[in-house]
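A.B. asks: A predicted structure for the sequence below; I have some questions about it.
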Amino acid sequence: MRTPAKVTAATLIGGSVLLGGNAAMAAGPPSSDEAAAAKVAAAPATKQWLGTFFVNLDQHQKGQTTSQGVSKAAAAAKAPQLQGDVQRVYSLNPAFVKGTPNVPVATFVYMAVGAKSASGQQATVWLTKSGTGWVASNVISGSDEAAYPAMADGGTVFTEPQIRAWYRLKNGRVTGLNDAAKTSVGEGVTVGSYQRLVNTRYGDKLPGSEYQRSGKLGGYSPTTGVSDRAPDRGPAPALMALGAGGTVVAAAGVAVALRRRRLGSY
């Protein structure tokens, strides 16, 4: 499966809308997190945001500026509809990468739900915890963050974002769901083998490492058991964000731009 490049709402619409007044929010007890997040995703303000995103995506794909305003009528014409259930997204745990025993392979980072426009565009809404409720914090093009977690099949789906890989953890084994993950772990590996693999790849690139302090950039090839560097994909923040819960939405509520081109290091 080829993963298309994705564009974030921060790129197309501007970071000021993220976690702002236009993002709906709903409260609920921890046992109803999915229901509360789904309510936020279905709120009129989120639908309007999606419609604006889809219009801006059209402009971006035509090479036009996306800084111009989008009318409510144009956004409404996109008639965005949510697709499927809200999914929990998990990402590789830095403590696991470090080699710490008896820690989770991956940790929860945000909820996600897919959306589609009347013209067939695909997008994913990210929903993050804010106080006792949930907020629509980002919109990106594509559907991976909603589609892959839906493949849990009784296990836990998580991403290794540095190589764009999606895995399923089930019955003590890590197996690949997309091409990058299958190249990474072949037919599947034990949790212990996977921990050694990611420690080899990123163990010297965790937050606070010399690698991170040096500001080095670049990505990784998902070759099984090998930490070969891939060609530089452009500016890549060290995954310090993962150490703070995994989300790539900044503390101030502004998402990084063009995530698929900012994959590099821990």
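C.D. replies: That came through fine.

A.B. asks: Could you use CA atoms for every contact and neighbour count after this?
C.D. replies: OK.

A.B. asks: for this protein, what spans make up the helices?
C.D. replies: 9-12, 33-41, 44-61, 72-77, 94-98, 144-147, 179-185, 191-202, 210-214, 240-243 (DSSP state H).

A.B. asks: The second one - contacts with which helices or strands?
C.D. replies: Packed against helix 33-41 by the contact rule (3 or more Cα pairs under 8 Å, 6 or more residues apart in numbering; DSSP states H and E) you find strand 25-27, strand 81-92, strand 106-116, strand 122-130, strand 133-141.

A.B. asks: Give me the angle between the last one and strand 122-130.
C.D. replies: Right, the one you point to is strand 133-141. With axes from the mean of the first three to the mean of the last three Cα atoms, to 10 degrees defining the directions, strand 133-141 sits at 150 degrees from strand 122-130.

A.B. asks: ok, now which ones touch the nearest residue to Lys47 once chain neighbours are set aside?
C.D. replies: Spatially, and ignoring its direct neighbours in sequence, Lys47 is nearest to Pro80 (6.2 Å; Cα to Cα, 6 or more residues apart in numbering). Residues counted as contacts of Pro80 (Cα atoms under 8 Å, 6 or more residues apart in numbering) are Lys47, Leu50, Gly51, Ala115, Lys116, Ser117, Ala118.

A.B. asks: Quick check: which ranges of the chain have low pLDDT?
C.D. replies: For the chain, residues meeting the criterion pLDDT under 70 lie at 1-31, 66-68, 207-266.

A.B. asks: how about 90 then?
C.D. replies: Within the chain, the segments meeting pLDDT under 90 span 1-32, 58-71, 131-132, 162, 202-266.

A.B. asks: Minimum distance to Gln162: which of the helices of the chain has it?
C.D. replies: helix 191-202 (9.4 Å; Cα to Cα).

A.B. asks: Any buried residues in the closest one, and which?
C.D. replies: Val191, Tyr194, Gln195, Arg196, Leu197, Val198, Asn199, Thr200, Arg201, Tyr202 (16 or more other Cα atoms under 10 Å).

A.B. asks: For the closest residue to Ala165 other than its chain neighbours, the count of nearby residues, please.
C.D. replies: The shortest distance from Ala165 to any non-neighbouring residue, by Cα to Cα, 6+ apart, is to Ala181 (4.5 Å). When counting by other Cα atoms under 10 Å, one arrives at 25 neighbours for Ala181.

A.B. asks: Ala181 against Tyr167, yeah?
C.D. replies: Yes - using Cα atoms under 8 Å as the test, Ala181 is close enough to Tyr167 to be in contact (6.2 Å).

A.B. asks: List the residues that are in contact with both of the two.
C.D. replies: Here Ala181 and Tyr167 have Thr175 as joint contacts, going by Cα under 8 Å, 6+ apart.

A.B. asks: Turn the buried residues of helix 191-202 into TSV, including distance to Val86.
C.D. replies: Below are those laid out as TSV (distance: Cα to Cα, whole Å):
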residue	distance to Val86
Val191	27
Tyr194	28
Gln195	29
Arg196	32
Leu197	31
Val198	28
Asn199	31
Thr200	34
Arg201	31
Tyr202	30
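
A.B. asks: can you tell me which of those residues lies nearest to Ala35?
C.D. replies: Nearest to Ala35 among the buried residues of helix 191-202: Val191, at 31.4 Å, using Cα to Cα.

A.B. asks: Spit out the contact partners of the closest one.
C.D. replies: Val105, Gly172, Arg173, Val174.

A.B. asks: out of those residues, which are inside strands?
C.D. replies: Arg173, Val174 (DSSP state E).

A.B. asks: quick one, phi/psi of the nearest residue to Lys170 once chain neighbours are set aside?
C.D. replies: Nearest residue to Lys170, sequence neighbours excluded (Cα to Cα, 6+ apart): Gly155, at 4.5 Å. Gly155 adopts backbone torsions of phi -110, psi -160, taken as degrees, to the nearest 10.

A.B. asks: hang on, isn't Gly155 packed against Tyr167?
C.D. replies: No - with contacts counted by Cα under 8 Å, Gly155 stays clear of Tyr167, the gap being 10.0 Å.

A.B. asks: That concludes my questions; thank you for your assistance.
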